[in-house]
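[1] just need the structure, nothing else, for what follows:
(2 chains, ligands or ions: 2)
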Amino acid sequence: MPPDPILEVKGLRVELSTRSGTVPVLDDLSFSIDAGETLAFVGESGCGKSMTALAVMGLVPHPIGRIASGSIRLAGEDLTRVPEKRMRAVRGNDVSMIFQEPMTALNPVYTAGEQIAESLRRHQDMGRRAAWEHAIEMLAAVGIPDPRGRASAYPHQMSGGQRQRVMIAMALACRPKVLIADEPTTALDVTVQAQIFELLKDLRRETGTALILITHDMGVVAEMAERMIVMYAGRKVEDGMVTDVIAEPKHPYTRGLISCVPHLAEVLTEERPDLTEVPGVVPPLTQFGRDMCLFSSRCPLADDKCWEERPPERRFGAGHVAACWHAEEVS
Amino acid sequence: MMFTILQKVAYSGLLLLAVIVLNFFLLHAAPGDVADTIAQSMGGADAETMERIRADYGLDLPLWQQLLEYVTGVLHGDLGYSFFFNVPVTELLLERLPATLLLVITAQLLALTVGVLLGVISARRPNGLASHFVTLLALFGYSAPVFWTGIMLLIVFSLMVPIFPVAGMSDATLTGGWWAHAVDVAHHLVLPAITLASIFLALYSRLCRASMLEVLGSDYIRTAKAKGLSEGQVVVKHALKNALSPVVTLAGLQFSAVVSGAVLVETVFSWPGLGTLALQSIIARDTPTILGILFFSSLVVVVVNLITDMVLRLIDPRIRTGVA
Ligand SMILES: Nc1ncnc2c1ncn2[C@@H]1O[C@H](COP(=O)(O)OP(=O)(O)OP(=O)(O)O)[C@@H](O)[C@H]1O
Ligand SMILES: [Mg+2]
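    Ligands and ions are numbered 1, 2, ... in the order given. Coordinates of the predicted model:
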């Protein structure tokens, strides 16, 4: 009997009100993650990856966005139904998040130590001294040299990599059950990227935190995650073990993404698929939610049915799911 | 850090010196000199007497020597003699300065606190009632002349509903200890302070609102929310401290405008400060007093700028530690 997933999202629909009406920026999204597992979210810009993270955090942009339906269960508790006060106690404590931009995600007028300690005081009932000491321990744990000295440093006195380490220390300070890392390294240079991923791996091993990793980079997915979800235009188009998905993608969009990364395809599959880039762009937000496969306009396999009906999620082997009318023809 | 502060102090000193020199030349360029004034008060004098008076007051010395004497005089606290009020200018000014400082500082602090408060409230609900109120208030503050505001307040709160005194700074007939006097002065201060604050209140609330709106949309505010902090903590601790810098900077820059505004307000409310004195001495062509007031206002503005600088350092570590 497998354990219950630590986080289970079912039928999540998040709507944004735009000038041309209400559109589902997340449309019937379901997924789950087990304790200690790493789940990667991939997809092009604007597919709703960050919105998924914000929905789990209960931070859907107010007032233009709202959770219209669905459930988000964290250890059994449905976060879409709890009052804001309870949600604040969950945020930063049971679920926490690392953002894309380390250069701007830290408050410029407070020291690194204070920003970590603040979380601890808020959630862990720690006094000033204890929280400060613990913040220093956290800085040491994320590999910042001279943590005691750096705790009193302000963000502008730190490098991008160091700031992202501070963010990670802050996010992990209260030992969350789920950590969401939204493109944690896009703003950093390549060697620092590798260090941050190493750090995340180590910390996950030590703390048993489940990690949701949002990224554009298929190389990172292969390196870091056990399972992956491919998002397209607010919908989940494929979900499965990373090795399965990369070896045998069931959605033409996934195949396109993989073949964008030649070295990955070479290493992980026996024969190299066609190096077709994915031509075209993600449809505009106003098109989201239409009853059709939203990838049709870019899909080499598209036929009339794809334009007329949204493909249901279908299962291929253990835990491998894809939403495509032509899944069998893809690999 | 110590170095930059010393630098600022040195600049301020130079600036004041420049004001003193400028004062001297203005004094010199003004039609008529001390000898004329004295002669006038004596009911006329012949050329010989005039010469003697000029020699007595060192007016026959070369210009640079007069300048040197004037500057050393000012640096020793001697701003000349007011023949109109018949007292040394310094004495006159020191007597009037506290009233003006009290008015100007109260008005500035009032404008800042209420302005920031309104700015924060309206930034939290950009389309709410408070927000529209701030916009309206700003429009009013910009467009209503300060003397008009003052007279309106006088009519409403001193004449129609007499809860505040009409004029002056204290009630001469009052008996009692210092506490009773303090309350009395505060009572007299209410309307002038509100009048003077009204112009700047509008300015500060608008800037604070804009600054808060920008800060509230920034990444670190999202981070603060993601920590599970309450809205109050996010707004006050994380947003306001960042949004305050431009407001404090503006308040520092505006201080000289507050001082000039005080001239009008003091006149409307017969507040016995430098402003009423300025008006009297301008009408009387009492040049030494006018220039003394100019020097004192420069001194006040320079000191306030230094204080502003310190406050900014306190708020923003990026200025304090000197890295961009
Ligand atoms: N605050 C907002 N106001 C209006 N539209 C928004 C807002 N936040 C997100 N959106 C829209 O929602 C859609 C999904 O955005 P989201 O940030 O989730 O994309 P993403 O997959 O994270 O993209 P990226 O890879 O660029 O980070 C986009 O079309 C975006 O324009
Ligand atoms: Mg994103």
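[2] can you classify A:Leu12 by secondary structure?
    strand (DSSP: H, G, I helix; E, B strand; the rest coil).
[3] centre of the chain to stretch A:312-325, how far?
    Put simply, stretch A:312-325 sits 21 Å off its chain's centre (CA atoms, centre = their mean, to the nearest Å).
[4] enumerate the positions of that stretch that are buried.
    By 16 or more other CB atoms under 10 Å in any protein chain shown, the buried positions in stretch A:312-325 come out as A:Phe316, A:His320, A:Val321, A:Ala322, A:Ala323, A:Cys324, A:Trp325. (C-beta placed from N, C-alpha, C; glycine too.)
[5] between which two of those residues is the distance greatest?
    Spatially, the most separated pair among the buried residues of stretch A:312-325 is A:His320 and A:Trp325, at 16.7 Å (CB to CB).
[6] tell me the residue of the stretch 1-150 of chain B that sits nearest ligand 1?
    Evaluated by CB to the nearest ligand atom, the stretch 1-150 of chain B has B:Pro126 as its residue closest to ligand 1, separated by 14.4 Å.
[7] so who does that residue touch?
    Neighbour list for B:Pro126: B:Leu213 [criterion: CB atoms under 8 Å, 6 or more residues apart in numbering or on different chains].
[8] same deal with B:Val236?
    B:Val120.
[9] how about the backbone phi and psi for it?
    phi -80, psi -50 (degrees, to the nearest 10).
[10] follow-up on the earlier one: secondary structure element for the residue of the stretch 1-150 of chain B closest to ligand 1?
    Following DSSP states H and E, there is no helix or strand that holds B:Pro126.
[11] how about low-confidence regions in the chain?
    If you meant another chain, say so; for now it's chain A. Along chain A, segments meeting pLDDT under 70 span A:1-3, A:261-277.
[12] can you look at chain B instead?
    B:1-2, B:32-34, B:41, B:322-324.
[13] okay, which residue is most central for chain B?
    Residue closest to the mean C-alpha point of chain B, counted by CA atoms, centre = their mean, is B:Val259 at 2.8 Å.
[14] surely that residue meets B:Val302?
    No: when contacts are counted by CB atoms under 8 Å, B:Val259 is not listed as touching B:Val302 (11.6 Å).
[15] which strands or helices does the helix or strand hosting B:Ala111 pack on?
    Secondary structure from DSSP H and E places B:Ala111 in helix B:89-124. Applying 3 or more CB pairs under 8 Å, 6 or more residues apart in numbering or on different chains; DSSP states H and E, one finds that helix B:89-124 makes contact with strand B:81-82, helix B:129-143, helix B:178-216, helix B:241-269, helix B:274-283, helix B:287-315.
[16] redo that, cut-off 10 Å
    If contacts are counted by 3 or more CB pairs under 10 Å, 6 or more residues apart in numbering or on different chains; DSSP states H and E, helix B:89-124 sits against helix B:63-75, strand B:81-82, strand B:87-88, helix B:129-143, helix B:178-216, helix B:241-269, helix B:274-283, helix B:287-315.
[17] domain map for chain B?
    Chain B breaks down by automatic domain parsing into domains covering B:13-78, B:95-321.
[18] so of the ones you listed, which one's packed in deepest?
    Comparing those by mean neighbour count (mean count of other CB atoms under 10 Å in any protein chain shown), domain B:95-321 ranks first with a mean of 19.
[19] and the residue of the stretch 101-250 of chain B that's closest to ligand 1?
    Counting by CB to the nearest ligand atom, the stretch 101-250 of chain B gets nearest ligand 1 through B:Gly217, at 9.4 Å.
[20] backbone dihedrals for that residue, both of them.
    According to degrees, to the nearest 10, B:Gly217 has phi -90, psi 0.
[21] so who does it touch?
    Shown in contact with B:Gly217 (CB atoms under 10 Å, 6 or more residues apart in numbering or on different chains): B:Ala239.
[22] so it versus B:Ala239, what's the distance?
    Distance, B:Gly217 to B:Ala239, by CB to CB, to the nearest Å: 10 Å.
[23] surely A:Gly280 is in contact with A:Arg298?
    Yes: taking CB atoms under 10 Å as the definition, A:Gly280 is a contact partner of A:Arg298 at 3.8 Å.
[24] what about those two, which has more around it?
    Neighbour totals were compared for A:Gly280 and A:Arg298, and A:Arg298 leads with 17 against 11 (other CB atoms under 10 Å in any protein chain shown).
[25] tell me if A:Arg175 really is in a strand.
    No: A:Arg175 sits outside any strand when classified using three-state DSSP, being coil.
[26] now it: closest residue in space, sequence neighbours ignored.
    Counting by CB to CB, 6 or more residues apart in numbering or on different chains, A:Thr207 is the residue found nearest to A:Arg175 once chain neighbours are left out, at 5.9 Å.
[27] pretty sure that neighbour sits against A:Leu199.
    No: A:Thr207 lies out of contact with A:Leu199 (CB under 10 Å); the separation is 11.9 Å.
[28] okay, and the common contacts of the two?
    Overlap of the contact sets of A:Thr207 and A:Leu199 (by CB under 10 Å, 6+ apart) consists of A:Ala141.
[29] more crowded one of those two?
    Neighbour comparison, A:Thr207 and A:Leu199: the larger count goes to A:Leu199, with 19 against 16 (by other CB under 10 Å).
[30] nearest residue to the middle of chain A?
    Centre-nearest of chain A using CA atoms, centre = their mean is A:Ile214, 3.3 Å out.
[31] I'd like the distance from stretch B:117-128 to the chain centre, please.
    Distance, stretch centre to chain centre, for stretch B:117-128: 28 Å (CA atoms, centre = their mean).
[32] thinking again about what came up before, let me have the domains of chain B in TSV, adding distance to A:Pro284 as columns.
    As requested, those are exported to TSV (distance: least, CB to CB, whole Å):
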stretch	distance to A:Pro284
domain B:13-78	58
domain B:95-321	23
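[33] about what we covered before: would you quantify the distance from the residue of the stretch 1-150 of chain B closest to ligand 1 to B:Val134?
    10 Å.
[34] which neighbours do those two share?
    B:Arg209.
[35] follow-up on the earlier one: overlap in contacts, A:Gly280 and A:Arg298.
    With CB under 10 Å, 6+ apart as the test, A:Gly280 and A:Arg298 both reach A:Gly256.
[36] hmm, back to that, dump the helices and strands packed on helix B:89-124 into TSV; add distance to chain A as well.
    As requested, the helices and strands packed on helix B:89-124 are exported to TSV (distance: least, CB to the nearest CB, whole Å):
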stretch	distance to chain A
helix B:63-75	40
strand B:81-82	49
strand B:87-88	48
helix B:129-143	14
helix B:178-216	10
helix B:241-269	5
helix B:274-283	37
helix B:287-315	7
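[37] mind listing the strands for the stretch 1-150 of chain A?
    A:7-18, A:21-33, A:38-42, A:65-74, A:77-78, A:95-98 (DSSP state E, counting those that start in this stretch).
[38] now the fifth one, how far from the centre of its chain.
    Taking CA atoms, centre = their mean, one finds the center of strand A:77-78 at 20 Å from the center of the full chain.
[39] what helices or strands is it leaning on?
    Using 3+ CB pairs under 10 Å, 6+ apart: strand A:77-78 touches strand A:65-74.
[40] just list what the strand it packs on packs against, helices and strands only.
    Packing partners of strand A:65-74 (3+ CB pairs under 10 Å, 6+ apart): strand A:7-18, strand A:21-33, helix A:49-57, strand A:77-78.
[41] comparing those, which comes out most buried?
    It is helix A:49-57: most buried of these by mean count of other CB under 10 Å, with a mean of 23.
[42] that one versus strand A:7-18: what angle between them?
    With axes from the mean of the first three to the mean of the last three CA atoms, to 10 degrees applied, the angle from helix A:49-57 to strand A:7-18 works out at 120 degrees.
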